[in-house]
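Student: sequence isn't available, so here's the structure alone:
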Ligand code: NAD
């Protein structure tokens, strides 16, 4: 027999499982042992995760400061406190979340036990973005652990310090045979997506969301897609401009506008536009001093690509406030752009930066029409003292969520479900909604063996006589 050595090599390479394959197969084996199912195990893992956050809080804030100069206070109120709230909520309510839910009994089932029982999906994949690199993987992980799944977490390669920290530190706090951190970029994510998962939870851009959805569809894997988009804010003529400018600019400047829920563009009348810009100037100076660039409270754009993308959107625009940039420092000043038309480049994509275009509309109805002519956003914001106008926006626009007289704040209210609709996403999470997302509600019927019950239901058995048809 003549054996060609290079063929042997090819066969060897083929039978060696890659990292993605071996992680998922180990996770599946562990899941099938039932290790993650008991209340006690889930609770111990959630407590481990809680210790991870508490014991590493300082280090997490340092990492976020290093990665894009995110001010520590900002990181603390956005990332760390949100993770803490989510984990405390899960620990407190885990037992009640896991309990079966009784459902109403239709008459033929009156002697039976009927319930829905939450069961874990199995092995789930969580893919995270870079803009809140801890919270946006840990918060879904809390839901996945609480629901009893084995989990593979894929943090973003764009924030490598956070990802490596998660990879090296998390296994010290939670069971590393059940929960894995898988790092890498597009190539590695593509590999992991070739594996069979029982659920995929993805947070990121709408463009990549479509890739994730197609990969999941090939294996009929259910998904949650937490995506982005252009979230509009409408400023009604009745609004308190000073308060509205404070809240809108806070949402725009937080993380330098790199938040999925940032108010992307402003709709208002010409009269309100001029008042808003005046207030905005005062506010920026009050917060960051005469030179925003020198303020320690204002963070930077994550990388050169995003810096170039945002500054390109400013080309040819009319700047009413700010506009200074520094590529070396990846600094973009809080900027307001006016005379914006619906078909301008800045209105075609999610800005994801500290630039606020203002489109003038003269009535609330025109603002609603403008919003409804575009993809459904993650959030709609509106500022008005008129209850009637507020109701018009709540009922007449379509978005993942709506926040009246503020921005972003509905995200941290974890009794509300958080998620998008249409091109801003599929599914929801936070609080009990995270537990529900990662659980299958199994329809459960336990039939009575009572003889009288059997007699009343015996009509279903053959022979199917003519008389039975008359019942
Ligand atoms: P992204 O889509 O570029 O990346 C997200 C994840 O997908 C990363 O882990 C990345 O490695 C992976 N990925 C990227 N390209 C891929 C490909 N071709 N194939 C497979 N995987 C790939 O998003 P981003 O830039 O990290 O985050 C910013 C976007 O996320 C914005 O659009 C923002 O609105 C959105 N976002 C949404 C939410 C939400 O909760 N709805 C939260 C934060 C960010």
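Tutor: That came through fine. Everything quoted here is computed from the prediction, not taken from an experiment. Numbering: from 1, shown residues only.
Student: which helix or strand contains residue 130?
Tutor: Assigned by DSSP states H and E, residue 130 belongs to no helix or strand.
Student: er, residue 87 actually
Tutor: Going by DSSP H and E, residue 87 is part of helix 81-98.
Student: buried ones in that helix?
Tutor: Neighbour counts using 16 or more other Cβ atoms under 10 Å place 82, 83, 84, 85, 86, 87, 89, 90, 91, 94, 97, 98 of helix 81-98 among the buried residues. From N, CA and C alone the C-beta is placed, and that goes for glycine too.
Student: surely the second one is in contact with residue 139?
Tutor: Yes - with contact taken as Cβ atoms under 8 Å, residue 83 and residue 139 are classed as touching, separated by 6.2 Å.
Student: quick one: least confident helix or strand in this protein?
Tutor: helix 5-15 (a mean of 41; mean pLDDT, DSSP states H and E).
Student: backbone dihedrals for the residue nearest the centre of the chain, both of them.
Tutor: Among the residues of the chain, the one closest to the centroid is residue 226, at 4.1 Å (Cα atoms, centre = their mean). Phi and psi for residue 226, reported as degrees, to the nearest 10, are phi -100, psi 100.
Student: tell me how far it lies from residue 61.
Tutor: 24 Å (Cβ to Cβ, to the nearest Å).
Student: excluding sequence neighbours, find me the nearest residue to the residue of the stretch 51-200 of the chain found nearest the ligand.
Tutor: Closest contact between the stretch 51-200 of the chain and the ligand, by Cβ to the nearest ligand atom, is at residue 129 (3.1 Å). In space, not counting the residues next to it along the chain, residue 129 is nearest to residue 204; the distance is 4.6 Å by Cβ to Cβ, 6 or more residues apart in numbering.
Student: how many neighbours does that neighbour have?
Tutor: Residues lying near residue 204 (other Cβ atoms under 10 Å) number 22.
Student: isn't it right next to residue 127, touching?
Tutor: Yes - the pair residue 204 / residue 127 is scored as a contact, 6.8 Å apart, by Cβ under 8 Å.
Student: and for these two, which residues touch both?
Tutor: Jointly contacting residue 204 and residue 127 under the rule Cβ atoms under 8 Å, 6 or more residues apart in numbering are residue 212.
Student: read off the pLDDT value for the closest residue to residue 184 other than its chain neighbours.
Tutor: Leaving out its chain neighbours, the residue that sits closest to residue 184 by Cβ to Cβ, 6+ apart is residue 157, at 6.1 Å. Residue 157 carries a pLDDT score of 97 in this model.
Student: and the ligand, is stretch 75-85 touching that?
Tutor: No - judged by Cβ under 6 Å from any ligand atom, stretch 75-85 and the ligand are separated, with a smallest distance of 11.1 Å.
Student: tell me which stretches of the stretch 201-350 of the chain form helices.
Tutor: Applying DSSP state H, counting those that start in this stretch to the stretch 201-350 of the chain gives helices spanning 206-218, 241-253, 270-288, 304-314.
Student: now tabulate those in a markdown table and tack on mean neighbour count and distance to the ligand.
Tutor: Putting these into a markdown table (neighbours: other Cβ atoms under 10 Å; distance: least, Cβ to the nearest ligand atom, whole Å) gives the following:
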| stretch | mean neighbour count | distance to the ligand |
| --- | --- | --- |
| helix 206-218 | 16 | 3 |
| helix 241-253 | 21 | 13 |
| helix 270-288 | 17 | 23 |
| helix 304-314 | 17 | 8 |
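Student: against the ligand, how distant is the residue nearest to the centre of the chain?
Tutor: 4 Å (Cβ to the nearest ligand atom, to the nearest Å).
Student: gap between the closest residue to that residue other than its chain neighbours and residue 320?
Tutor: Distance criterion Cβ to Cβ, 6+ apart; nearest residue to residue 226, sequence neighbours excluded, is residue 203 at 4.1 Å. Using Cβ to Cβ, residue 203 is found at 33 Å from residue 320.
Student: thinking again about what came up before, quick one, what contacts the residue nearest to residue 129?
Tutor: Counted by Cβ under 8 Å, 6+ apart, residue 204 has contacts 127, 128, 129, 156, 212, 226, 227, 228.
Student: look up how far the ligand lies from the last one.
Tutor: Here the criterion is Cβ to the nearest ligand atom. By it, residue 228 lies 2 Å from the ligand.
Student: still on that earlier bit, what sits against the residue of the stretch 51-200 of the chain closest to the ligand?
Tutor: Contact analysis of residue 129 by Cβ under 8 Å, 6+ apart lists 136, 156, 203, 204, 205, 260.
Student: among those residues, which lie within strands?
Tutor: Under the assignment DSSP state E, the contacts of residue 129 contribute residue 203 to strands.
Student: show me the contact partners of stretch 288-303.
Tutor: Residues contacting stretch 288-303 (Cβ under 8 Å, 6+ apart): 67-71, 73-74, 130-131, 158-159, 253, 255-256, 258, 284, 287, 307, 310, 322, 324, 326, 329-334, 353.
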